[in-house]
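S.K.: Turn this into a structure:
(chains A and B)
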Amino acid sequence: MTLNFQQVFDRIKQIGLGAQARQKSLDALRKDARALLEAWADKGAELRAKLERARQADSNLRCALPLDEHLDASHPAVAIKSTLTLLAADGSQILPDRHAALHYSLVNVGAIAMQPGSGQPPEVFTDSSLLFADELYTETGMVSEEAIEQRRDIAERKKLLELAPDYPAPVLALTDGPVELWGAKNSGEDDYRKNLEIHKSVLSQLQAKGVIVAGYVDKPGADLVIRTLEIARFASDDEYKNIRKIHPLRGVSDPWLFSFLPGGHRSAVFGLQSSSRAHYTGDLALHFFYLNVGELKHPSLVRVEFPKWVAEDANKLDLLHAALLQQCRVMGARPYPYILHRAHEIAVVKFEEKKQIEQMLDLELRKSGSEVDQESNKQSAKNLKGRSRN
Amino acid sequence: MNTIQIGYLLKAGTTGFVVGCSVSQLEAPAFGALVRAPLDKDYSVYGLIYDIHIEDDGLVRQLVTAGNISAEVMHDNRERRIVPVEMSVLAVGYAQGGKISHLLPPRPPLSLDVITLCSDAELVKFTSAGKFGYFRHVLQAKDIPIGELLAAHIQQASTAHKDKAWAEKAAQELITLLRDDYPLLMSVLGALGEVS
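M.R.: Below is the predicted model of the structure:
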């Protein structure tokens, strides 16, 4: 037996005993949050001033910036009249494993182009980039997990940039997750800056081609509007000083807050306040809205992120809104854009494919007389029959 | 000779093999068709298609429940997604050095061997060799629709022979082989009755 089930069971019982109290407390917080949303709905200017003060107190502040709309605005989708090209790209990666016999990495990008209403089969693309030997090292050591992930994110956007001119406008280019390049924390600062510049350059080129760029965040975890409402209540200097410690609405989520949106409706557009705001400036400044891709009775809230050039163009915003809904409806009761799912399906590297790559690489190295290492003894022990791989 | 490639071998044994192809390749093969796995210049394995099946997956199940499937999504699933059509083939003989045998093949085809549909000339050559020895493999097979398979095969072979006499001889041979198995004989004759 690998678990002490008695300990786990006791803890689960305790959790169950506290459930009612927690739910009661959460309901009270939710009531507060909804009241705050209504109270501050038309006080955008005042709220922006508070948020600016909060940003000065905490440069890493991550929240929603209200624009000119009411905070609780709700917009239905507009019917798409023009033909539209949908592009989606997704990536997967094999990270270098120091316990494996072969040290290599792979970035795989899958992309798909689809023209709804054309009756034509979509086109699919795959780009696979194998990194080996010196390519696995930077000036500071072995390439980090985050650096590989950034490389994957950039490869996704580059693929969209490469494909966009081949299709009739308007073109909507989708990726899964936020638009901003994620995770500078652990990767080398230089690497991040280099990747960030490439990322911004690709975004600008997509803008020049008139492409509607968006990132789709399913089950969003960043409670950006809730954080804004928490700051809205700040009244004293102390609160601004201790901003990082003050989370009076913790537990209430943005998806719950916007669950009042009827099915297919989107929220107001918000600006994204985050530490990366300094990098994504001008037309690249990131914005988002929440969208209920479910129904009023069974809401399913997602966050859609896009740059300013999309946010400020009502036609592009309408196309994005309507196209996402249409794509989600293809998937029925578990709405998610069909084209993004397909991009993921194309991009994902299966376990058997990974094994094939390793066999091919091993064979080639042995044929050419190169030294091939062994997997670590630890890994070998883990692989013994009767044990799980974990 | 023109050959129509119908797919690649997925798995094989002495008594049969499974062929995979994409949905776009599905027009050529039919239930009961004679196919060939050319292993090398002098050695081919022959088989009859006894089952064609299309596996579902999670996405297809979800799409079905959504309804209103657009033409693009339908094309995407049929032509672009890696969801192979699988054809189960019963081994019925082989050719070695130009000579056809209705015995089981000495060794099965290998993974990813190309499987081709037999032309009418090949079908005539295979079915004219010997005295319907390959019927034995069909009649002994488990869990396959024996009567339907024989009826489909005899219909296709009869068309290739352009001669009713071959079909009559085939039926006579089946009656002889099944003289001690009345239920199966009735099932086979019932299916053959649908053909004639």
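
S.K.: Sticking with the closest residue to A:Ala347 other than its chain neighbours, tell me its helix or strand.
M.R.: Nearest in space to A:Ala347, with sequence neighbours left out and distances taken as Cβ to Cβ, 6 or more residues apart in numbering or on different chains, is A:Gly110 at 3.2 Å. (C-beta placed from N, C-alpha, C; glycine too.) Secondary-structure assignment from DSSP states H and E places A:Gly110 in strand A:104-114.

S.K.: Buried residues of the longest helix along chain A, list them for me.
M.R.: Counting by DSSP state H, the longest helix found in chain A is helix A:5-39. Across helix A:5-39, burial judged by 16 or more other Cβ atoms under 10 Å in any protein chain shown covers A:29-30, A:32-34, A:36-37.

S.K.: try stretch B:20-33
M.R.: Within stretch B:20-33, the residues that qualify as buried are B:20-21, B:23, B:25-26, B:29, B:31-33, counting by 16+ other Cβ under 10 Å.

S.K.: can you check stretch B:164-180 too?
M.R.: Buried residues in stretch B:164-180, counted by 16+ other Cβ under 10 Å: B:166-167, B:170-171, B:174, B:177-178.

S.K.: With respect to B:Pro84, which of the residues you listed is nearest?
M.R.: Nearest to B:Pro84 among the buried residues of stretch B:164-180: B:Ala170, at 32.6 Å, using Cβ to Cβ.

S.K.: phi, psi of that closest one?
M.R.: When quoted as degrees, to the nearest 10, the phi and psi of B:Ala170 stand at phi -60, psi -40.

S.K.: Thought B:Phe132 was touching it, still the case?
M.R.: Yes - with contact defined as Cβ atoms under 8 Å, B:Ala170 and B:Phe132 form a contacting pair (6.2 Å).

S.K.: Just want the most central residue of chain B.
M.R.: B:Ile49 (1.6 Å; Cα atoms, centre = their mean).

S.K.: list the helices and strands whatever helix or strand it lives in packs on?
M.R.: Per DSSP H and E, B:Ile49 falls inside strand B:43-54. Strand B:43-54 sits against strand B:16-21, strand B:34-40, strand B:85-96, helix B:146-161, with contacts defined as 3 or more Cβ pairs under 8 Å, 6 or more residues apart in numbering or on different chains; DSSP states H and E.

S.K.: Mind putting the ones you listed into CSV with mean pLDDT?
M.R.: Shown next, in CSV, are these (pLDDT from 0 to 100):
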stretch, mean pLDDT
strand B:16-21, 93
strand B:34-40, 93
strand B:85-96, 95
helix B:146-161, 94
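
S.K.: Tell me which of these sits nearest to chain A.
M.R.: Of all those, it is strand B:16-21 that lies closest to chain A, at 14.9 Å by Cβ to the nearest Cβ.

S.K.: in its sheet, what does the closest one sit against?
M.R.: With DSSP bridges as the test, strand B:16-21 is paired with strand B:4-12 (antiparallel), strand B:85-96 (antiparallel).

S.K.: Would you list the strands that the helix or strand that the last one is followed by pairs with, along with their directions?
M.R.: Yep, that's strand B:85-96 we're talking about. Using DSSP H and E, the helix or strand that follows strand B:85-96 in sequence is strand B:99-101. Using DSSP bridges, strand B:99-101 pairs in its sheet with strand B:85-96 (antiparallel).

S.K.: got the buried residues for the strand it pairs with?
M.R.: Result for strand B:85-96 [16+ other Cβ under 10 Å]: buried residues B:85-95.

S.K.: and the angle for it with helix B:146-161?
M.R.: Comparing the axes of strand B:85-96 and helix B:146-161 via axes from the mean of the first three to the mean of the last three Cα atoms, to 10 degrees yields an angle of 60 degrees.

S.K.: Figure out how far strand B:85-96 is from the centre of its chain.
M.R.: 6 Å (Cα atoms, centre = their mean, to the nearest Å).

S.K.: same check, this time on stretch A:309-323
M.R.: 19 Å.

S.K.: right, is it up against chain B?
M.R.: No - judged by Cβ under 8 Å from any Cβ of the partner chain, stretch A:309-323 and chain B are separated, with a smallest distance of 12.9 Å.

S.K.: Name the residues of that stretch that are buried.
M.R.: Buried residues in stretch A:309-323, counted by 16+ other Cβ under 10 Å: A:309-311, A:316-323.

S.K.: same deal with stretch B:124-140?
M.R.: B:124, B:126-127, B:129, B:132, B:134-135, B:137-139.

S.K.: show me where pLDDT drops low in the chain?
M.R.: Using chain A here. Scanning chain A with the threshold set as pLDDT under 70 gives A:1, A:183-188, A:386-390.

S.K.: wait, I meant chain B there
M.R.: By pLDDT under 70, the weakly predicted segments of chain B are B:1-2, B:196.

S.K.: near chain A, which residues of it show up?
M.R.: Residues of chain B lying near chain A (Cβ under 8 Å from any Cβ): B:59, B:62-63, B:65-73, B:75-76, B:78-81.

S.K.: which residues does residue 110 contact?
M.R.: I'll assume chain A. In this structure, A:Gly110 makes contact with A:89-92, A:124-126, A:343-348, judged by Cβ atoms under 8 Å, 6 or more residues apart in numbering or on different chains.

S.K.: ah, I was thinking of chain B
M.R.: By Cβ under 8 Å, 6+ apart, the residues touching B:Leu110 are B:9, B:12, B:39.

S.K.: Would you mind checking those residues for buried ones?
M.R.: B:9, B:12, B:39.

S.K.: So the first one versus B:Leu112, what's the distance?
M.R.: Noted for B:Leu9: a distance of 6 Å to B:Leu112, by Cβ to Cβ, to the nearest Å.

S.K.: go on, A:Ile12?
M.R.: In this view, A:Ile12 and B:Leu112 are 50 Å apart by Cβ to Cβ.

S.K.: Could you do A:Glu364 as well?
M.R.: 20 Å.

S.K.: Over to A:Arg151?
M.R.: A:Arg151 is 33 Å from B:Leu112, by Cβ to Cβ.

S.K.: Need the three-state assignment for B:Leu174.
M.R.: Using DSSP: H, G, I helix; E, B strand; the rest coil, the structure places B:Leu174 in helix.

S.K.: Excluding chain neighbours, what is closest to it?
M.R.: Leaving out its chain neighbours, the residue that sits closest to B:Leu174 by Cβ to Cβ, 6+ apart is B:Val188, at 5.6 Å.

S.K.: same thing with A:Lys308?
M.R.: For A:Lys308, ignoring the flanking residues on the chain, the nearest one in space by Cβ to Cβ, 6+ apart is A:Ala285 at 4.3 Å.

S.K.: The one you found and A:Trp309 touch, don't they?
M.R.: No - applying Cβ under 8 Å as the test, A:Ala285 and A:Trp309 come out as separate, 9.1 Å apart.

S.K.: returning to what we had before: please identify which two of the buried residues of stretch A:309-323 are farthest apart in space.
M.R.: Of all pairs drawn from the buried residues of stretch A:309-323, the one with the longest distance (Cβ to Cβ) is A:Trp309 and A:Ala322, at 18.4 Å.

S.K.: Which neighbouring elements make contact with the helix or strand A:Leu86 falls within?
M.R.: Assignment of secondary structure by DSSP H and E places A:Leu86 within strand A:85-94. If you count contacts as 3+ Cβ pairs under 8 Å, 6+ apart, strand A:85-94 packs onto strand A:104-114, helix A:145-163, strand A:171-176, helix A:338-347.

S.K.: and those as CSV, adding distance to A:Glu371?
M.R.: As requested, those are exported to CSV (distance: least, Cβ to Cβ, whole Å):
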stretch, distance to A:Glu371
strand A:104-114, 15
helix A:145-163, 24
strand A:171-176, 39
helix A:338-347, 32
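
S.K.: Show me where the stretch 201-350 of chain A has its strands.
M.R.: Using DSSP state E, counting those that start in this stretch, the strands of the stretch 201-350 of chain A run over A:212-217, A:270-273, A:286-292, A:301-307.

S.K.: Now that we have those, can you turn them into CSV and tack on distance to chain B?
M.R.: Output for the strands of the stretch 201-350 of chain A, formatted as CSV (distance: least, Cβ to the nearest Cβ, whole Å):
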stretch, distance to chain B
strand A:212-217, 17
strand A:270-273, 31
strand A:286-292, 17
strand A:301-307, 17
